[in-house]
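J.: Kindly generate the corresponding structure for this input.
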Amino acid sequence: QVQLQESGPGLVKSSQTLSLTCTVSGGSITSNSYRWSWVRQPPGRGLEWMGVIAFSGSTSYSPSLESRTSINRDTSKNQFSLQLSSVTPEDTAVYYCIAITTPNDYWGQGTQVTVSS
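T.: As a prediction, this is how the structure comes out:
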């Protein structure tokens, strides 16, 4: 079974870049059985899809975040990462990494990131 664990700073200052890493176990990020995604949930709001990286390394991003978002991977560590630049307090949220597969997706536990003004 795939397991995912998010890591990164819990507090980021406005205008800085938010960087999170997702460490994957139980599955390879280069396997064509999975796609690897980031979503977030701001306080009191629904889930927002941010982007995805395929086993090939190709990426796709939410149009509303594309100019500020980058998803990369480190195949030697079986990790993928999220960078969100020029953050504001509106980017405060719980951030989740997800393994998209069939029949069920696998989610990390989520990590709270607060952006201070």
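
J.: So which residue is smack in the middle of this structure?
T.: Closest residue to the average C-alpha location of the chain: W38 at 3.1 Å, with C-alpha atoms, centre = their mean.

J.: Buried residues, the helix or strand where it lies. List them.
T.: Assigned by DSSP states H and E, W38 belongs to strand 35-41. For strand 35-41, the neighbour count (16 or more other C-beta atoms under 10 Å) marks R35, W36, S37, W38, V39, R40 as buried. Using the backbone N, CA and C atoms, a C-beta is placed for each residue, glycine as well.

J.: cool, and stretch 54-66?
T.: Buried-residue list, stretch 54-66, by 16+ other C-beta under 10 Å: A54, F55, T59, Y61, L65.

J.: wouldn't the last one be in contact with R40 here?
T.: No. Counting by C-beta atoms under 8 Å, L65 does not reach R40; the two are 9.3 Å apart.
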